[in-house]
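Asks: My questions concern the predicted model and sequence given below.
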Amino acid sequence: MRKQFIITTMLVMGLLTLQAGGYQVRLQSNRSTGMGLTGTALQMGATSMFYNPGALAMMQTKTDFALGASGIISRISFQKFESDHIAETDNSMSTPFYFYGAGKINEKWSVGLAVYTPYGSSSKWEDNWAGRLLIQNISLQAIYFQPTVAYKISDKLGIGAGLVYATGKVELQKGLNYGADSYVKLEGSTSNIGFNAGVYYNASEKLSLGLNYRSEIMMEITGGDATFNVPIAVGANIPNENKFDAALPMPANLDFGVSYQATEKLLLSAEINYVMWSTYKELEFKFEEKGELLNSKNQRDYKDTFIPRIGAEYVYSDLLTFRIGGYYDPSPTNEKYFTPETVSLNNLAFTLGLSITPSEKLSIDLSYLQINGLQATKTYEPDQFGGTYKSAAYIPGIGVSYRF
Amino acid sequence: MKLRILFVLVAAATMWACQPEINEFEPTKGNADFSVYMSAGNSLTAGYAGGALYRSGQENSYTAILAKQFEAVGRQGAFKIPYINSEDGVGNHGASLRTKLVMGFSTDCLGNTSLAPVPANPNATQQELAILLGTSVAAEGPFHNIGVPGAKVTHLLAPGYASLNPFYARFASDASNAVIDEIGVVQPTFFTLWIGNNDVLTYALAGGAADEITAVETFAASMEAVIGTFKTTATAGAIANIPDITDLPYFTTVPYNPIVLQDQALVDQLNTGYAQYNAAMEQFGLPHRISFKLGANPMVIQDPTIPTPPGYEMLRIRQINEAELVLLSIPQDSLKCGYWGSMKPVPGQFIITHDEKSEIDAAIVAYNQIIETAAQNHDLALVDMNELLNQGSTTGIKMDGVLFTTEFVTGNAFSTDGVHLTPQGNALAANTFIDAINKKYNARVPKVSVTDYEAVRLP
């Protein structure tokens, strides 16, 4: 009952956002967030189901629950090329969330369910901004449900895998050149499946290694709703109500992490995420009616990225644990096809974290992530729209975990 | 819920979370002094559009846009435009006047209703329109935009031009003035000049049947005089060249072969009808033949240059060829229902023949050479509007997601008259001026966003 209530609450609250590295959001644990969003080589109990299901096999307690969320306050500024035109996004706070529940069946097997929001993006640009024909506002949301099983091969080696059921939703609106109040709005939702598998290895008392792979999930929208607000005169060519098909990939990730217990109190963690963004080649829209006029293929040609991350955790007392970290998330976008729909700059981020552990069973995890999108001048060549972008995201988060 | 409240608190605590600041563009005047800007030219400069001069058209002229952009680099005071006090406006329509053309639905002789340019106020009387045009606003001057619809470069120098052109009369500071006499009153430090289009366009708009192309020597001397007048006070300026006007939608929208025949009997009837003509041409040793077939056929036009012997002037007709141009002003109902182009030859005033086009092209080449030389000699920015229109008519021009082409109405650049610019087209022209000015004077005048301006408004 309680669990159900929690999940429902989270779903109502939820729905995420962020412009970090394409449209990927990695806020799946506040402990991890505090440590530069590392986690592949960390034993994080139920939370490991996202970062590395292999580490779930190493669960210390019989059961473990964790839930949490973050509030993303994101800001993007834009100055048009050779112009004093400045535009900003007005993004309402979005809240990616996670829930994990896992239990040990026996010494060897653990099972659990993870619910999290690994992809999303939302931006609302000022009305009548210079790029309104490219995008006015957009929101992408994906929620993943992942039943997971892990097997402890030995005290040193664990493997695990989960089946991912992903649901996604997209809504975007952009202006049309038929006057200030002309626009097209596209809304659609879809679901698909994928998997998440990992290996966790305790190389020594102090050193742990983790390898994790999360498969690509293609979000294919079929029969989404397209609404065109256009003058009557073009109604014969552009019907007001239409259906569209589109596909957006949630790219695969290959993560490799190392953690090192430097002292009894200090844990260091580093990892590399290889994000296979090159799968995002184009964004194609196909319309049921008047497709010959309305269909569009929009090149994106993203490239794969490597994200290096470091983090540290210091156990100050039984009650308090501090964390710090940082990472560099390079933009996957192509020089020629940088669009304001997902402003993805080279991001430099730092993180802070704090856990309060009133009892062995309960901990409250706080985190703070600040992402600085480094200023860059970019163009979307097909539309000859360019300028200088700069972004920042301020993301406080909180989570609780309960184990027994 | 508690969680949510906590979020709001944490969020509030991070409200210092500020908007990232960008300042990549510092407007600078470079080597130019923009403090008093003045603009001369013809209807394009005046903000004439949709076949009329009207208030918002004037507000959105490329000149008015430039004046606004120059504020960032030191332009002072009001930029005075001789506004006409009407949104429907007034413009020439042959010998009469009418309001601007807006897109509306009109029903043709076949009973088909389609989207077409229609007068904004079809009920406006000639008298009302004449009063509107005849009302002087000179008392509100002196004006910074002295663009005069219909003006040729030679006209700018003509004393008493107000008596010939009501669009100048309505703001002339003195009836005996030449247009360039307005310059000394304002004493500009910076000017733009885009003139010369009418020196060929007036001829072209009449289908080569009236008016004449200004002689090259006259053009050169007049241009020199106008620039010289500006240069008495202005230290910097920009001069635009003349686009190949035959690429304008006015000349490219109506096809040369709109005579579509679907009935073999009619084809035979026409061919029988022209048999005598063909026989006569053969007898005269002239190459012209007229023949029709099923499908699309070139229209039959009048061509007074055909050297038929005296007494056979009525045979000075022929079928138009693909390279020749049909004017947008051709009465569509006459084509559709009046047998124009098939049984009745289309009057020459609606056609630009191959020879006329060659004359126009040659004049533009010569004028542009003069303009380029003048820009060099007077150290002015040269604005290559010819290249801009060339791009528009070939590849199209993308800017901020807008595709500008020379397509009528749908090309975004040209208004409902097929010659003058939309506000969005004016924004494109203003950016082209700014590019040239920035380059010439090492200035940084901010460009405009074309999406801030409208294309052709559709019902």
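Replies: Happy to help now that I have it.

Asks: And A:Thr61, its phi and psi?
Replies: phi -110, psi 170 (degrees, to the nearest 10).

Asks: Spit out the contact partners of it.
Replies: By C-beta atoms under 8 Å, 6 or more residues apart in numbering or on different chains, the contact list for A:Thr61 reads A:Gly45, A:Lys104, A:Arg403, A:Phe404. The C-beta positions use only the backbone N, C-alpha and C, and glycine is treated the same way.

Asks: so who does the second one touch?
Replies: The neighbourhood of A:Lys104, defined by C-beta under 8 Å, 6+ apart, consists of A:Met59, A:Thr61, A:Lys62, A:Thr63, A:Ser110.

Asks: how about a cut-off of 6 Å?
Replies: For A:Lys104, the contact set (C-beta atoms under 6 Å, 6 or more residues apart in numbering or on different chains) comprises A:Met59, A:Lys62, A:Ser110.

Asks: cool, and A:Ile193?
Replies: By C-beta under 6 Å, 6+ apart, the neighbours of A:Ile193 are A:Tyr165.

Asks: The stretch 201-350 of chain B: helices as residue ranges?
Replies: For the stretch 201-350 of chain B, applying DSSP state H, counting those that start in this stretch gives helices covering B:216-231, B:249-252, B:264-273, B:275-284, B:332-337.

Asks: Look at B:Ala64 and give its secondary structure.
Replies: helix (DSSP: H, G, I helix; E, B strand; the rest coil).

Asks: Could I have the PyMOL command that selects the buried members from the contacts of A:Thr61?
Replies: To isolate the buried ones among these in PyMOL, judged by 16 or more other C-beta atoms under 10 Å in any protein chain shown, type:
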select buried, chain A and resi 45+104+403
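
Asks: Same list, the contacts of A:Thr61, but as CSV with pLDDT and secondary structure please.
Replies: Below are those laid out as CSV (pLDDT from 0 to 100; DSSP: H, G, I helix; E, B strand; the rest coil):
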residue, pLDDT, secondary structure
A:Gly45, 91, helix
A:Lys104, 95, strand
A:Arg403, 93, strand
A:Phe404, 90, coil
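
Asks: just curious, which of the contacts of A:Thr61 is nearest to chain B?
Replies: A:Arg403 (19.1 Å; C-beta to the nearest C-beta).

Asks: now the strand or helix carrying A:Gly160: mean pLDDT?
Replies: If you go by DSSP states H and E, A:Gly160 is part of strand A:157-175. For strand A:157-175, mean pLDDT is 95.

Asks: between the helix or strand following that strand and strand A:157-175, how many degrees?
Replies: Note on strand A:157-175: by DSSP H and E, the next helix or strand toward the C-terminus is strand A:183-202. Between the axes of strand A:183-202 and strand A:157-175, defined by axes from the mean of the first three to the mean of the last three C-alpha atoms, to 10 degrees, the angle is 170 degrees.

Asks: Tell me which residues of strand A:183-202 come out buried.
Replies: Applying 16+ other C-beta under 10 Å to strand A:183-202 flags A:183-184, A:186-188, A:190, A:192, A:194, A:196-202 as buried.

Asks: average pLDDT for that strand?
Replies: For strand A:183-202, the per-residue pLDDT averages 96.

Asks: That concludes my questions; thank you for your assistance.
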